[in-house]
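1. Here is my input; please provide its structure:
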Amino acid sequence: MNSKSEVFEKNKNTLDKWVKLICGASNEDIDAIEDLCAIYSAAGVDYIDVAAEQSIAQAARNGIKWSKEFFGTSPGLMISICDGKDIHFRKAKFDPLKCPPNCPRPCENSCPTFAIDNYGVTESKCYGCGRCIKSCPLNLISEYEFNLTKDNLPSSLQTIKPDAVEIHTEINRIDPFIEVVRILKNADTKLKTISISCGLNQSPQSPNDLLKAIWERYEILSELNLPIIWQLDGRPMSGDLAPTTGRDTVKLFETIGSHLPPGLIQLAGGTNGKTHELLNVNNFPDGIAFGSYARKIMQPFIEFANKNNKKLYEYPERMALAIKEAQKLLKPWKKN
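-> Okay, the predicted model is just below:
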């Protein structure tokens, strides 16, 4: 695994950028996560971001271990936490007994992870995208908070021992942010870096409001003495919907990127294989995070293995194809 200095130094080279795989802050699909981490570790991502739960982190480490053994690549492990209510930390639910017998089931058709069937929502597969909620004509689907570290962040840090933490925050949540940073400072876990994810997310506030909030957090984070990644969250959990969903994060970067505090700048929220085409070739950010799109393009491979109760890497030819597909996604960002 790259040291923090190596990872941050390499981003000064415009030909080789920082890339993170997002498995999902509410994604508990352990089998899929292990395969995803094996694939994208082999393809060359720098970090992998998972939900803050021990079994999920272990699944990620299993995938990383496979990649290290066969490819010599071993990205860092990051966990996502939040300082308050956040759409990344939720799941959907409904009572299938209330569904009309003749319903065309738009919820099932809209679910990107096949988490919905006649029995409702499979909790482990739901990562909270919210598409099913919007699709139900009878408004039978609701959301509930899924924050794994809400009451036990210190113990989660101690148990998982991640290389990095990402804090999801919002513009006006200063006091809760300060509390999370205090916990991180007092934890025994030695972090290599910290990432701050914040965006407008259809907020009435302006990019300047966001910039001010980020600078406030920079001052708070100074006591941790860690390298910082500023993740500009555009349109969350949407990269698999259309080629242009990365426009919001690109616009944020073009508007406030040059005014951000010291640290790496990372795009996220709607990113996919076309996001690099939305950028000025002479003004790329330091890196990018791929989530829903990165998972979607691997879904056919992983579903095949799961149906046979095996890991994808037990099928070498299919695994090789999956890695090649992942490398295509990374290529505009990993030109070396």
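
2. what's the nearest residue to residue 64 if we skip its chain neighbours?
-> Closest residue to residue 64 in three dimensions, ignoring its sequence neighbours and counting by Cβ to Cβ, 6 or more residues apart in numbering: residue 41, at 5.0 Å. The C-beta positions use only the backbone N, C-alpha and C, and glycine is treated the same way.

3. Could you say which helix or strand holds that neighbour?
-> Using DSSP states H and E, the element containing residue 41 is helix 30-43.

4. tell me the secondary structure for residue 295?
-> Classification of residue 295 by DSSP: H, G, I helix; E, B strand; the rest coil places it in helix.

5. sorry, back to before: ok, the residue nearest to residue 64 to residue 232 distance?
-> 25 Å (Cβ to Cβ, to the nearest Å).

6. Over to residue 131?
-> For residue 131, the distance to residue 232 - Cβ to Cβ - is 23 Å.

7. Can you give the distance from stretch 183-191 to the centre of its chain?
-> Stretch 183-191 sits 22 Å away from the centroid of its parent chain (Cα atoms, centre = their mean, to the nearest Å).

8. And that stretch, end to end?
-> 13 Å (Cα to Cα, to the nearest Å).

9. ditto for stretch 224-243
-> Stretch 224-243 has an end-to-end distance of 38 Å (criterion: Cα to Cα).

10. Check the model's average confidence along it for me.
-> Mean pLDDT, stretch 224-243: 97.

11. sorry, back to before: counting contacts, what elements does the helix holding residue 41 pack onto?
-> Judged by 3 or more Cβ pairs under 8 Å, 6 or more residues apart in numbering; DSSP states H and E, helix 30-43 is in contact with strand 18-24, strand 47-51, helix 54-71, helix 292-296, helix 299-307, helix 316-330.

12. could you give the mean pLDDT of the second one?
-> Predicted confidence along strand 47-51 averages 98 (mean pLDDT).

13. And that strand, what's buried?
-> Across strand 47-51, burial judged by 16 or more other Cβ atoms under 10 Å covers 47-51.

14. picking that back up, so residue 131 and residue 232 - more neighbours on which side?
-> residue 232 (29 against 18; other Cβ atoms under 10 Å).

15. Next, count neighbours for the residue nearest to that one when sequence neighbours are not counted.
-> Nearest non-adjacent residue to residue 232, counting by Cβ to Cβ, 6+ apart: residue 252, 4.4 Å away. Neighbourhood size, residue 252 [other Cβ under 10 Å]: 22.

16. Quick check, residue 252 in contact with residue 206.
-> No. Residue 252 lies out of contact with residue 206 (Cβ atoms under 8 Å); the separation is 11.0 Å.

17. what is in contact with the two at once?
-> The contact sets of residue 252 and residue 206 overlap at residue 200 (Cβ atoms under 8 Å, 6 or more residues apart in numbering).

18. ok, what's across the strand from the closest residue to residue 143 other than its chain neighbours?
-> Excluding its sequence neighbours, the residue lying closest to residue 143 (Cβ to Cβ, 6+ apart) is residue 90, at 4.7 Å. Judged by DSSP bridges, the bridge partners of residue 90 are residue 145.

19. In contact with residue 90, which residues?
-> 26, 128, 130, 143-146 are the contacts of residue 90 under Cβ under 8 Å, 6+ apart.

20. Which of those residues sits closest to residue 278?
-> residue 130 (23.8 Å; Cβ to Cβ).

21. And that closest one, its phi and psi?
-> Note on residue 130: its backbone torsions stand at phi 80, psi 0 [degrees, to the nearest 10].
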